[in-house]
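Trainee: any chance you can model this:
(chains A, B, C and D)
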Number of protein chains: 4
Amino acid sequence: MERRVQPATSRRSAALRAVGDRGCRYTLGCMASFEPADPEFELRVRASFARQRMMATLGATLERVAPGEVDIRLPFRADLTQQHGFLHAGAMATVVDSACGYAALTLMPRDAALLTVEFKVNLVAPGKGESVVARGRVVRAGRTLTTCAGDVFAVELGEEKLVLTMLATEMTLKGRPGFSD
Amino acid sequence: MERRVQPATSRRSAALRAVGDRGCRYTLGCMASFEPADPEFELRVRASFARQRMMATLGATLERVAPGEVDIRLPFRADLTQQHGFLHAGAMATVVDSACGYAALTLMPRDAALLTVEFKVNLVAPGKGESVVARGRVVRAGRTLTTCAGDVFAVELGEEKLVLTMLATEMTLKGRPGFSD
Amino acid sequence: MERRVQPATSRRSAALRAVGDRGCRYTLGCMASFEPADPEFELRVRASFARQRMMATLGATLERVAPGEVDIRLPFRADLTQQHGFLHAGAMATVVDSACGYAALTLMPRDAALLTVEFKVNLVAPGKGESVVARGRVVRAGRTLTTCAGDVFAVELGEEKLVLTMLATEMTLKGRPGFSD
Amino acid sequence: MERRVQPATSRRSAALRAVGDRGCRYTLGCMASFEPADPEFELRVRASFARQRMMATLGATLERVAPGEVDIRLPFRADLTQQHGFLHAGAMATVVDSACGYAALTLMPRDAALLTVEFKVNLVAPGKGESVVARGRVVRAGRTLTTCAGDVFAVELGEEKLVLTMLATEMTLKGRPGFSD
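Mentor: Numbering: from 1, shown residues only, chains lettered A, B, ... in the order given. Purely as a prediction, here's the structure:
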């Protein structure tokens, strides 16, 4: 059985057509169904995450890896807090930056390396609870640049509450021998 | 029949609880059901929009006004283009800035004035087609600051395509006599 | 007499070394001296600006064009205002987006086309006065992406006041026949 | 001898007038001379920094504290890296977020608490070297919101190189008993 990998262009059109088909008002709310260029995308993301030593330092774990979507969990730890005892915005930005980057990597070709170009975060509630979960997802995947959105939710007594939202640009680097993800 | 207007705090909790209830993975994809503080919110938004002379200059029209959500349409015009003949990013940013601001205003109390604090846009496709529609929505409404997200879709032959996505911060100004929206 | 055009890499190192040499605390305050790749950069920027029909619609004029720096002036006009009678944030974002883009274009090779990837603006004072001047400048020029910063100042009775500040990413598009700036 | 503390409004005007006086082209490059509202600002910033346990976890140290300007140093550590062995963007964003926040706090009144509303970073070079220094500074201080800019420089063999630049919004919270910085 053959896995059909569409070229990037038609994949994008398909994704965007899907948005219209479902009659969604907002693209961000309509997860387009992305087709990964590399069937081994999950292995690649998990191996790269394991090399991000910052994740181990924070105690973050990689959870879900799906085409265009990645979740990372960060358990609350007192040594990651700011002056009021909440998780430091930077700790949460770190995990959602990785979640957005890896969401982009799920759709990149095998020999590509991933680079974060820029991101912006809005902090909407204090980072508290038992843990936070950062969810990154691809909004639009281009040949060179991928736009991602991410959310961080605080989890407390089984309930999720939005604490941070991110909009980010990721870059696909190709043709740099010895430099890939 | 009485219209129940919840205080801001419980309204927010309700909105956020709703997110969990529906089992949504991403807040931006789960439109919380906001309760406007001023039942006349639509009149107020339409009157304020009519005073934004920039909208008339661009030929933009206010379409949908709902609690926490506003749509503005901008028909394509050659005199709004950049050097390659596409809509100037600034023209699209202008209408989605207004859409996000007015989405926030739908939830503000009657005597409040609206101010954009900052916004960020990512441009993901050229602005072309018959028109673009800018959709602003509230992500989280606070007492002083409201976080909004917006999208601009190009409309061509009945199909919508994402061209720009925005993340913005709006401010509620109160107690400034003679200064309201 | 020969005009020496350094390759992009050594040009960047020179620029960054310059920052250290001058003992500046902040890069944004230390204008690196950029060497344009195309000696005709000013002609090219002025010709591309003339094709941005949005600029004529707003009444904006291109003033200074220097390597890595471009100024655009926007005279105050009542038909560019928001609901409180100040210049619409979008009108100011439009001119400073063009100023940042053209600042980047001054350093791009002759066959390149310019694309804005994303920008973020902070609004710090109302847009009023006789005119505003938007100043874009290159913070760091890369092969594919250029980071720019921009400011908009309101000019009133000979005094300038900061009203908006921008951070933006521009892209160099090459090898697209018939598509250049 | 009396220390004259100007009210916020005239302080701002003075700062902005200063920009014009010095004939600076860009506000970000012209450090306005801010007058702190609380003469004990440095003590307050150093005490609050000491409570940010995330700083100790990263190994970051508070260096310079001046009115409207704060520097934080982060020595390179392998356990703060991403998958290519460079400092994780999130680690650098964390220290420059704190630097911008504390730059804002230097100008806030004694009973105020500090909150980061949002920030955006552009990554312009890999985070490597012996250490990075994050410099935050106030661009414009308002009653409720303060706009800050920040830079992160990599330090290697005595030379500084820009690796990241930030634009951020900070909020002054007042009248929350038991909640201050």
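
Trainee: would you map the helices across chain A?
Mentor: Here chain A has its helices, by DSSP state H, at A:8-21, A:41-51, A:53-58, A:89-105.

Trainee: buried sites along the longest strand along chain A?
Mentor: Longest strand of chain A, by residue count under DSSP state E: strand A:159-173. Neighbour counts over strand A:159-173 (16 or more other CB atoms under 10 Å in any protein chain shown) mark A:160-173 as buried. In this view, the C-beta of every residue, glycine as well, is placed from N, C-alpha and C.

Trainee: save the residues you listed as JSON lines, and put in pLDDT and distance to B:L80 too.
Mentor: Listed next are the buried residues of strand A:159-173 as JSON lines, based on pLDDT from 0 to 100; distance: CB to CB, whole Å:
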{"residue": "A:E160", "pLDDT": "94", "distance to B:L80": "41"}
{"residue": "A:K161", "pLDDT": "95", "distance to B:L80": "40"}
{"residue": "A:L162", "pLDDT": "96", "distance to B:L80": "35"}
{"residue": "A:V163", "pLDDT": "97", "distance to B:L80": "38"}
{"residue": "A:L164", "pLDDT": "97", "distance to B:L80": "34"}
{"residue": "A:T165", "pLDDT": "97", "distance to B:L80": "30"}
{"residue": "A:M166", "pLDDT": "98", "distance to B:L80": "30"}
{"residue": "A:L167", "pLDDT": "98", "distance to B:L80": "24"}
{"residue": "A:A168", "pLDDT": "98", "distance to B:L80": "28"}
{"residue": "A:T169", "pLDDT": "98", "distance to B:L80": "25"}
{"residue": "A:E170", "pLDDT": "98", "distance to B:L80": "30"}
{"residue": "A:M171", "pLDDT": "97", "distance to B:L80": "30"}
{"residue": "A:T172", "pLDDT": "96", "distance to B:L80": "32"}
{"residue": "A:L173", "pLDDT": "93", "distance to B:L80": "35"}
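
Trainee: briefly note if the longest strand of chain A comes near chain D.
Mentor: No: Strand A:159-173 is not in contact with chain D by CB under 8 Å from any CB of the partner chain; minimum separation 8.7 Å.

Trainee: same deal with stretch A:77-88?
Mentor: Yes: counting by CB under 8 Å from any CB, chain D has neighbours in stretch A:77-88: A:78-84, A:88.

Trainee: so what's the closest residue to A:Q82 other than its chain neighbours up against?
Mentor: Of all residues not flanking A:Q82 in the chain, A:H88 sits nearest, at 4.5 Å (CB to CB, 6 or more residues apart in numbering or on different chains). A:H88 makes contact with A:80-82, A:127, D:52, D:54, D:94, D:97-98, according to CB atoms under 8 Å, 6 or more residues apart in numbering or on different chains.

Trainee: again, only using 6 Å
Mentor: A:H88 sits next to A:80, A:82, D:54 when contact means CB atoms under 6 Å, 6 or more residues apart in numbering or on different chains.

Trainee: so how far is D:D97 from it?
Mentor: Distance of A:H88 to D:D97, computed by CB to CB, to the nearest Å: 8 Å.

Trainee: same check on A:L162?
Mentor: 19 Å.

Trainee: what do you get for A:E130?
Mentor: In terms of CB to CB, A:E130 sits 24 Å off from D:D97.

Trainee: so these two - more neighbours on which side?
Mentor: More neighbours surround D:D97 than the other of A:E130 and D:D97, with 30 against 11 (other CB atoms under 10 Å in any protein chain shown).

Trainee: picking up where we left off before, widest-spaced pair of the buried residues of strand A:159-173?
Mentor: Greatest spacing in the buried residues of strand A:159-173, by CB to CB: A:K161 and A:L173 (35.9 Å).

Trainee: spell out which parts of chain A neighbour chain D.
Mentor: Within chain A, the positions lying close to chain D (CB under 6 Å from any CB of the partner chain) are A:48, A:51-54, A:57, A:79-83, A:88-91, A:93-94, A:97, A:116, A:118, A:120, A:122-123.

Trainee: give me the buried subset of those residues.
Mentor: A:48, A:52-54, A:57, A:80-83, A:88-91, A:93-94, A:97, A:116, A:118, A:120, A:122-123.

Trainee: need the contact list for A:T57.
Mentor: With CB under 6 Å, 6+ apart, A:T57 has these contacts: D:D79.

Trainee: switch the cut-off to 8 Å
Mentor: So A:T57 contacts D:57, D:79-80 (CB under 8 Å, 6+ apart).

Trainee: report pLDDT for it.
Mentor: At A:T57, the pLDDT value in this model is 98.

Trainee: if we can go back for a sec, how about the residues of stretch A:77-88 next to chain D, which pair is most distant?
Mentor: Once CB to CB is applied, the residues of stretch A:77-88 next to chain D give A:D79 and A:H84 as the farthest pair, at 14.8 Å.

Trainee: what parts of chain A come near chain C?
Mentor: Applying CB under 8 Å from any CB, one finds that chain A approaches chain C through A:117-118, A:120, A:144-145, A:169, A:171.

Trainee: for those, which one is nearest D:L43?
Mentor: Using CB to CB, A:K120 is the member of those that sits closest to D:L43, with 32.6 Å.

Trainee: residues in contact with the nearest residue to the closest one once chain neighbours are set aside?
Mentor: Leaving aside its chain neighbours, A:K120 sits nearest to D:K120 (3.7 Å; criterion: CB to CB, 6+ apart). If a contact means CB under 8 Å, 6+ apart, then D:K120 has A:118-121, B:120, C:120, C:167, D:166-168 as its contacts.
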